[in-house]
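J.: Structure for the following, please:
(chains A, B, C and D)
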Protein chains: 2
Amino acid sequence: MHTVGPRERHRRQTREEILDAALAVISELGAGALNMSEVARRVGLRQPSLYQYFDSRLALYDALFERGMAQHLDRVRAAADTNAPGLPTLRAIVCATIAFTIEQPALTQLLFRPAVPGFEPSEQAYRPSLEVQHLIDAAIAAAIERRELHPAAGSQQGTGLLVALTAGISSLQLGNDQFARPGAGRFLPLVQPAVDMFAAYFAPEKPAAWKP
Amino acid sequence: MHTVGPRERHRRQTREEILDAALAVISELGAGALNMSEVARRVGLRQPSLYQYFDSRLALYDALFERGMAQHLDRVRAAADTNAPGLPTLRAIVCATIAFTIEQPALTQLLFRPAVPGFEPSEQAYRPSLEVQHLIDAAIAAAIERRELHPAAGSQQGTGLLVALTAGISSLQLGNDQFARPGAGRFLPLVQPAVDMFAAYFAPEKPAAWKP
DNA sequence: GTCTATAGGATGATAGAC
DNA sequence: GTCTATCATCCTATAGAC
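T.: Prediction:
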């Protein structure tokens, strides 16, 4: 990090405002419906001026993706930092992720589902999510270390089950799932039972439950 | 059902061919990228001619949605019919659903995720999925009746957990999920442990596991 | 029912004045 | 850096001949 002049400062602020407007647009119209004119209108610029800040529409998507992933990482990191290592942290991470997807359904479409034809996140934009992955693995490892979970929970299938539960609950929240009961509005209550179920299945004392 | 003349017969066949072409298009370009010109080209017609069979692009989406839901229902029904009632049927339904989403990832986007801006399925197109919902509920009820599951498995949270597991595994398969480990190509093996985990958590003999 | 032709509109992106 | 003007495409949908 090195100091930046007021020029660069203002430029970055404008970039943020554009990203905010872009987020608002996809929140209202869906992740795949981002268009430059609407973003420009909201930020008080003309559409061609946006190209001073982003090279293309897909570049805007990429910046939106990177910022979203970084925000998610912040949430997960905060959850990991303010909870006891092991199972409490794991529970908090799942909870933070579900909460994030509930607060930002449109962003969730962009980050976690292939909903935008033609868009592939760059390696840089994808980077924060690798850190999230690491935090999850570390939490599971800590839980195993503390004998809160069976070592099998650290296997690919073990982490896969936990991740599937997280993604699944988030998926129900998006509401378009055929299985979702009409009127079953709130899925956050599923988080606690989900982690309980996972922890019970990978209980350390009875290794009989898990079959590979 | 009443008999149809050869006219109507040929018309329906052309409709099916158009739907096949449309499915191929979204399979290659993504669920949101359906366009009439490309579909027409593949089916050997000019783009305006499609409007003899579908009133609009969204109507084509709707027909695609309805046929896809009906196909999914067929798979689920077959799973329910060829397995013992209760837990075996439940397991087969989950497995059939995951297999379906693996075979048809693009169709899965359309059916189970809000990936197409502006498209809302009609009530008629949505109808087959209500039947799927009913088959799942019935399988859980049968499993409870046969004392394979605790009655709590039939609660909203219980079915929610099972559905979340199914949707989550399918979500991992789509591959865009941040949590998915690179190289973990096959998620079908997660089905067995997932249902095991669910069944263990809602085991009938020990009602202590589930807390509301 | 299928075609040609085209209306009519939206969009991404660029050129060049200021 | 922001603007006006505009290009170049692409798209859905309709009109009307055959």
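
J.: any idea how far the most centrally placed residue in chain A lies from residue A:137?
T.: Closest to where the C-alpha atoms of chain A average out (CA atoms, centre = their mean) is residue A:72, at 4.8 Å. Distance from residue A:72 to residue A:137, counting by CB to CB, to the nearest Å: 16 Å. C-beta coordinates here come from the backbone N, C-alpha and C atoms, glycine included.

J.: do the same with residue A:7
T.: Per CB to CB, residue A:7 is found 42 Å from residue A:137.

J.: if you count what's nearby, which of these two comes out ahead?
T.: Using other CB atoms under 10 Å in any protein chain shown as the criterion, residue A:7 and residue A:137 rank with residue A:137 on top: 13 against 8.

J.: where's the more buried one, which helix or strand?
T.: For residue A:137, the element it lies in under DSSP states H and E is helix A:123-145.

J.: Tell me how many other residues surround residue A:117.
T.: Residue A:117 has 14 nearby residues by other CB under 10 Å.

J.: and chain A, what are its domains?
T.: A:1-55, A:57-201 (automatic domain parsing).

J.: For the closest residue to residue A:15 other than its chain neighbours, give me the backbone phi and psi.
T.: Closest residue in space to residue A:15, ignoring its immediate chain neighbours: residue A:53 at 5.2 Å, by CB to CB, 6 or more residues apart in numbering or on different chains. Main-chain torsions, residue A:53, degrees, to the nearest 10: phi -110, psi -30.

J.: Distance check, residue A:53 against residue A:13.
T.: 11 Å.

J.: how about the domains of chain A in TSV, adding distance to DNA strand C and mean pLDDT?
T.: Shown next, in TSV, are those (distance: least, CB to the nearest atom of the strand, whole Å; pLDDT from 0 to 100):
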stretch	distance to DNA strand C	mean pLDDT
domain A:1-55	3	95
domain A:57-201	4	92
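
J.: and residue A:41, what does it touch?
T.: Listed by CB atoms under 8 Å, 6 or more residues apart in numbering or on different chains, the contact partners of residue A:41 are residue A:47.

J.: Could you say which helix or strand holds it?
T.: For residue A:41, the host element (DSSP H and E) is helix A:36-43.

J.: And that helix, what's buried?
T.: Neighbour-count burial for helix A:36-43, with 16 or more other CB atoms under 10 Å in any protein chain shown as criterion, is recorded at A:36, A:38, A:39, A:40, A:43.

J.: need the contact list for the closest residue to residue A:33 other than its chain neighbours.
T.: The shortest distance from residue A:33 to any non-neighbouring residue, by CB to CB, 6+ apart, is to residue B:117 (4.0 Å). Neighbour list for residue B:117: A:29, A:30, A:32, A:33, B:32 [criterion: CB under 8 Å, 6+ apart].
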